[in-house]
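[1] Sequence first, then the predicted structure:
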Amino acid sequence: MKWFGKHKIVTVVIVVVILAIIGGGVATNNSTTVKTTASTVTNNASPKKATVAKSSPSAAHVGATISLTGQSGSGADVTLVQVLDPATGADQYTTPDAGNRFVGVQLRIKNTSTTAESIAPDNDVTLFDTKGQSYSPDIADSLANCQGFANGGPNLGPGESALGCETFQIPTTDTVAKVEFTPSSGFANDTGEWLVP
């Protein structure tokens, strides 16, 4: 004991070393091993489907008839009778704009409803070119050999039908790809599509 009293510095060092050894051993014995396991989370929820405003068009070709449903359950059988391309105006004053040509789309529309229906093909039919550009009917409603609908579209009783032409202007370099018809001035959920030719 006298030796420890005389050598205080050495004693402190020895005590620190012993405490360090004991502390290390305790730390080693008390260490906790954490085992991590990757977990896979499975989402069993069904993916939400996008709501489609309009039904997919049923594709047909020139000459085919497509049955379509308008708003409030009205119905019509629409036939794309012919596509006149290029078309000529009914008189010398009916000409397309510079760089454009006329295209005539002749339609037969039959009312399949149980009540009278007023049709307005000017608002229902759209022409598309091969680039995907869409065209609405032109104000010129009369072509040579293809009379337009009277007054923009007649009032048809049940089972009655009307035949008429819609006139379009498209660039002379463009090619017609398809014609679409959507009843109720384009607001129906049903659309008919005819591929051209």
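    That came through, no problem. No experiment lies behind these values; they were computed from the predicted model shown.

[2] low-confidence ranges in the protein?
    Confidence mapping of the chain against pLDDT under 70 gives the ranges 1-58.

[3] where along it do the helices fall?
    Along the chain, the stretches classed as helices by DSSP state H are 2-6, 8-29, 121-124.

[4] and Phe168, how far is that from Thr191?
    18 Å (CB to CB, to the nearest Å). Just so you know, the C-beta spots here come from the backbone N, C-alpha and C atoms, and that holds for glycine as well.

[5] who's more crowded, those two?
    Set side by side, Phe168 and Thr191 show more neighbours around Phe168, with 25 against 19, by other CB atoms under 10 Å.

[6] hang on, that one packs against Leu127?
    Yes - taking CB atoms under 8 Å as the definition, Phe168 is a contact partner of Leu127 at 4.7 Å.

[7] Distance-wise, check Ser67 relative to Gln169.
    In terms of CB to CB, Ser67 sits 30 Å off from Gln169.

[8] circling back to that earlier point, so what sits against both of Phe168 and Leu127?
    Taking CB atoms under 8 Å, 6 or more residues apart in numbering as the contact rule, Phe168 and Leu127 both touch Val103, Val105, Tyr135.

[9] Tally up the residues packed near the closest residue to the second one other than its chain neighbours, please.
    Distances taken as CB to CB, 6 or more residues apart in numbering place Glu166 nearest to Val105, at 4.7 Å, with adjacent residues excluded. Other residues lying near Glu166 total 25 when counted by other CB under 10 Å.

[10] Give me the distance between Glu166 and Val81.
    11 Å.

[11] any residues in contact with both of these two?
    With CB under 8 Å, 6+ apart as the test, Glu166 and Val81 both reach Gln106, Leu107.

[12] Would you mind confirming that Pro137 is in contact with Leu143?
    No - using CB under 8 Å, Pro137 is not in contact with Leu143, being 11.6 Å away.
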